[in-house]
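# Please work out how this folds:
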Amino acid sequence: MRANAASKRLLSLSVPRNARQKIDGVLLLAAIPDRLAAVVVLDPQYRTGLDQLKFGNEGARQKARYRLPQMLDDDIAFFVEESARVLRPSGHLILWLDKFSIGSGTHLRYMRRAPELKVVDLICWNKMSVGMGRRARCVSEYAVVAQKVPVKAKGVWTDHRIPDCWPEAKNGDLHPHAKPHVLTDRLIRAVTKRGDLVVDPCAGGYGVLTACLASGREFVGGDLI
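Below you'll find the model as predicted:
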């Protein structure tokens, strides 16, 4: 898609750009035309991991996280399917997962709903602090990087200094579900250019918005709270 054509389509969006908004992610994605976004960052609040660890009884932060609106697996799979629709060819989905989803292969069931998305990388986030756990204690989360066909790296992924195990302290004061700010910024810059559209239907603490404003990318996102 030519840059001027993409800019005209961005201007026609019926949802606000570069702003916080309270909106259901399903409605937000439905408002975005096909093949417009360069990146979708999807950070759903998983029911599975919370139930495994019985979060909600161990302190204020865990209780806050447990109160966030949860998403069932079918809901997340639909979000992945919609992400594939709004992504342009060779665009990327960055899907955040907990270790239970990775270990059980739940993410593969999500991806089957969108066969045009191919997993091309996996990044482990070391949160630099020991969390909950009935056995091994949780210190990590995972970003599955998928690309819409045609799959290609040269000329599309520009930052080759991002390690696949990323250490960055979690800042839970911003949001109980906050993701690493520096990594988010680096990933967005790696696969987009200035003026490209980044979509975040589960925006939480709006770290993706912050990264987009800092780098000149266009943001469309929102959350229920």
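# all strands of this structure, in order?
If DSSP state E is used as the criterion, the strands of the chain fall at 37-42, 87-97, 117-126, 140-148, 165-167, 197-200, 218-221.
# In CSV: the ones you listed, plus mean pLDDT.
CSV is the format used below for the strands of the chain (pLDDT from 0 to 100):
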stretch, mean pLDDT
strand 37-42, 98
strand 87-97, 97
strand 117-126, 97
strand 140-148, 97
strand 165-167, 98
strand 197-200, 98
strand 218-221, 98
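# Which one, of those, ends up nearest to Leu187?
Nearest to Leu187 among those is strand 87-97; the distance by CB to CB comes to 6.0 Å. Using the backbone N, CA and C atoms, a C-beta is placed for each residue, glycine as well.
# The closest one: which residues count as buried?
87-88, 90-97 (16 or more other CB atoms under 10 Å).
# do stretch 123-138 as well
For stretch 123-138, by 16+ other CB under 10 Å, it's 123-125, 127, 131-132, 138.
# With stretch 30-48 instead?
Under 16+ other CB under 10 Å, the buried positions of stretch 30-48 are 32, 36-46, 48.
# Show me where this protein has its helices.
3-11, 25-30, 47-53, 60-67, 73-86, 99-104, 106-112, 181-191, 207-215 (DSSP state H).
# Quick one, which of those helices gets closest to Arg161.
Arg161 sits nearest to helix 181-191 of all these, at 8.4 Å, using CB to CB.
# Now do the closest one: everything it contacts.
38-39, 41, 91-92, 94, 123, 125, 143, 145, 156-159, 162, 166, 168, 171, 198, 207-208, 210-212, 214-215, 217 (CB atoms under 8 Å, 6 or more residues apart in numbering).
# ditto for stretch 115-135
52-53, 55, 58, 62, 80, 83-84, 87, 93, 111, 137-149, 151, 153, 162, 164-170, 179-180, 183, 187.
# got TSV for the helices of the chain, with mean pLDDT too?
As requested, the helices of the chain are exported to TSV (pLDDT from 0 to 100):
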stretch	mean pLDDT
helix 3-11	75
helix 25-30	96
helix 47-53	55
helix 60-67	52
helix 73-86	95
helix 99-104	88
helix 106-112	91
helix 181-191	98
helix 207-215	97
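# Adding distance to Asp223 as columns, could you present the ones you listed in JSON lines?
As requested, these are exported to JSON lines (distance: least, CB to CB, whole Å):
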{"stretch": "helix 3-11", "distance to Asp223": "21"}
{"stretch": "helix 25-30", "distance to Asp223": "8"}
{"stretch": "helix 47-53", "distance to Asp223": "17"}
{"stretch": "helix 60-67", "distance to Asp223": "14"}
{"stretch": "helix 73-86", "distance to Asp223": "13"}
{"stretch": "helix 99-104", "distance to Asp223": "20"}
{"stretch": "helix 106-112", "distance to Asp223": "20"}
{"stretch": "helix 181-191", "distance to Asp223": "16"}
{"stretch": "helix 207-215", "distance to Asp223": "11"}
